[in-house]
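Student: sequence and predicted structure are below.
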Amino acid sequence: MWNSNHRPERVEPAFEASLHRLSIKYLDLYLLHTPYAFQPGDEQDPRDQNGNVIYDDGVTLLDTWRAMESLVDHDRCRAIGLSDISLNELMPIYESARIKPAAVQVESHPYLPETELLEFCKEKGIVFLAFAPLGHGMRPGLLEDPVISAIAKRVGKTPAQVLLAWAVQRGTALLTTPKTAAHARENFDISALPEDALNEINRIQTRQRLNEVVKTGVPGFIAQGR
């Protein structure tokens with residue numbers, strides 16, 4: 001659900017519009033795109049005369065979540081969740097929610113492990129969905145990282161397969177955007193990494209967020225596949 005639909009009265013129409021575009025009648029999971037509410041309306045990227053995003057301070061995240069809960073109540077979707085949210089923003093929603101978030105989708109990879117958020121999700125039974133586990137396709141980036149490359153050579157896998165295996169072994173679900181069928185097959189062909197390899201990846205010191213959407217609600221760019 002996009003940022004301009006946070007007002008409770010806009011939630012169900014936005015949901016129905018998604019079903020219509022997908023040509024389906026039901027969703028397993030409906031995610032709130034970001035915790036940020038934009039000015040309500042048909043403009044997806046509302047800006048003022050100075051080019052600044054126009055936010056909506058007349059609605060809270062909990063207001064929006066309550067409206068999303070009603071979608072589950074009426075059997076319109078099975079579960080609801082949040083995207084691009086920090087642990088500090090997630091905790092009060094979790095504590096106040098009648099229907100708890102089923103999933104949280106955030107950018108996560110060895111340069112941005114989001115360990116505290118992952119541990120919270122594990123404790124509460126929330127699926128942690130790692131977006132951009134290969135680093136948004138940025139070059140140079142994770143796929144060229146010397147630690148990842150050395151492990152890939154040692155275990156006979158590609159750097160992409162090493163990154164995906166690390167993500168799976170730490171308990172996350174994955175969202176990738178392969179551009180070719182060959183890369184899609186490669187992404188499925190992963191195997192468990194030895195403990196020393198996992199420890200090497202966990203010791204990587206680089207810290208970098210590749211998409212600043214969590215600070216503004218506005219994606220900095222569209223992730224590139226590989």
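Tutor: Perfect, thanks for sending it. Residues are numbered from 1 along each chain as shown.

Student: for the nearest residue to residue 133 once chain neighbours are set aside, which residues are in contact?
Tutor: Of all residues not flanking residue 133 in the chain, residue 167 sits nearest, at 4.7 Å (CB to CB, 6 or more residues apart in numbering). Where you see a C-beta, it was placed from the backbone N, CA and C, and this is true even at glycine. The contact partners of residue 167, by CB atoms under 8 Å, 6 or more residues apart in numbering, come to 108, 109, 130, 133, 174.

Student: which SS state does residue 167 fall under?
Tutor: Secondary structure for residue 167, judged by DSSP: H, G, I helix; E, B strand; the rest coil, is helix.

Student: residue 152 versus that one, what's the distance?
Tutor: According to CB to CB, to the nearest Å, residue 167 and residue 152 sit 15 Å apart.

Student: cool, residue 11 as well?
Tutor: Residue 11 is 44 Å from residue 152, where distance means CB to CB.

Student: which one's more surrounded, the two?
Tutor: Each of residue 11 and residue 152 has its neighbours counted (other CB atoms under 10 Å); residue 11 has more, 23 against 20.

Student: surely the more buried one is in a helix?
Tutor: Yes. Counting by three-state DSSP, one finds residue 11 located in a helix.

Student: residues contacting it?
Tutor: Going by CB under 8 Å, 6+ apart, the list of residues near residue 11 reads 1, 5, 64, 67, 68, 70, 71.

Student: drop anything exposed from those.
Tutor: 1, 5, 64, 67, 68, 71 (16 or more other CB atoms under 10 Å).

Student: could you pull out the helices in this protein for me?
Tutor: 8-22, 61-73, 87-96, 115-124, 146-155, 159-169, 181-188, 195-202, 213-216 (DSSP state H).

Student: of the ones you listed, flag the one that's most buried.
Tutor: helix 159-169 (a mean of 22; mean count of other CB atoms under 10 Å).

Student: tell me the angle of that one relative to helix 146-155?
Tutor: Inter-element angle recorded for helix 159-169 and helix 146-155: 90 degrees (by axes from the mean of the first three to the mean of the last three CA atoms, to 10 degrees).

Student: quick one: buried residues of stretch 134-145?
Tutor: Those would be 134, 135, 136, 137, 138, 141, 142, 143, 145, for stretch 134-145 by 16+ other CB under 10 Å.

Student: wait, which of the helices of the chain is closest to residue 45?
Tutor: helix 213-216 (11.1 Å; CB to CB).

Student: was I right about residue 6 contacting residue 64?
Tutor: Yes. Between residue 6 and residue 64 there is a contact under CB atoms under 8 Å: 4.5 Å.

Student: identify the contacts common to these two.
Tutor: Looking at what touches both residue 6 and residue 64 (by CB under 8 Å, 6+ apart), the common residues are 32, 37.
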